[in-house]
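Student: after the sequence you'll find the predicted model.
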Amino acid sequence: MQKQDAYKTLTREQQRFWKRILIVDDNIDITLTLKTAIEYNTTLTKKIVVYTSNNLVMALSEFKPNFYDLLLVDINMPHMNGFQLCEKILAIDINVRICFMSSAEINRKALREIYPSLSLGCFMRKPMTTDYLLERIRSELD
C-alpha cells in the first residue's frame, strides 16, 4: 500500500500528525526519485506523505489551501516558471512553505527585484544528495 493510500485511511486526528509535501517538477523522473527518497527514508522523525505534479497548470488548479506543509518547486518549467506558480499559490495559501529547486545558478538579488513579495529563503541545487534533501526538508518542517 502506498503512503498516500495509508494516509487516506487515517482519522482526521491521526492525519494532523503527518506532514504533506507537494513536489512540482516537469520531469517525472525527478518527482518520482524525490518522492521515493522522502517517503522511504527512516531518518525523518515526522511522518510524511508526498504528492507530485508534473504539470504546473494542474498543480495550480488542484492546489488545496491549508493542506500542504511544504512545496518543492522546480524553477525552470514550461508555460510558467516556479516563481510565477508560487506567487499564485501564495495568493491562495500564505502559510505554505516553499523550497525552490534548480540545476542553474541563482542570482537572489536579481530575483528579489523581480519577485519582491516572494520569500526566497530555501533553494536546493539539483542534483542533490538524499542527505541534503532530507536535511532541508527537516529544517523547513521544524
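Tutor: Happy to help now that I have it. Residues are numbered from 1 along each chain as shown.
Student: for this protein, what are the low-confidence residue spans?
Tutor: Applying pLDDT under 70 to the chain flags residues 1-4, 7, 13-15, 45, 107-121.
Student: could you rerun that using 50?
Tutor: Applying pLDDT under 50 to the chain picks out residues 1.
Student: please enumerate the helices of it.
Tutor: Under the criterion DSSP state H, helices of the chain are mapped to 3-8, 12-15, 28-39, 56-61, 82-92, 108-114, 130-141.
Student: helices or strands up against the third one?
Tutor: What it means is helix 28-39. Applying 3 or more C-beta pairs under 8 Å, 6 or more residues apart in numbering; DSSP states H and E, one finds that helix 28-39 makes contact with strand 18-24, strand 47-53, helix 130-141. (Each C-beta comes from the backbone N, C-alpha and C, glycine too.)
Student: want to throw the ones you listed into a markdown table with distance to residue 91 and mean neighbour count?
Tutor: Putting the helices and strands packed on helix 28-39 into a markdown table (distance: least, C-beta to C-beta, whole Å; neighbours: other C-beta atoms under 10 Å) gives the following:
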| stretch | distance to residue 91 | mean neighbour count |
| --- | --- | --- |
| strand 18-24 | 16 | 21 |
| strand 47-53 | 18 | 20 |
| helix 130-141 | 21 | 16 |
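Student: columns distance to residue 74 on top of those, output as a markdown table?
Tutor: Converted to a markdown table, the helices and strands packed on helix 28-39 look like this (distance: least, C-beta to C-beta, whole Å):
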| stretch | distance to residue 74 |
| --- | --- |
| strand 18-24 | 7 |
| strand 47-53 | 10 |
| helix 130-141 | 14 |
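Student: about what we covered before: closest to residue 71 out of the helices of the chain?
Tutor: Closest approach to residue 71 among these is made by helix 82-92 (6.9 Å; C-beta to C-beta).
Student: angle of the closest one against strand 47-53?
Tutor: Orientation check (axes from the mean of the first three to the mean of the last three C-alpha atoms, to 10 degrees): helix 82-92 against strand 47-53 gives 120 degrees.
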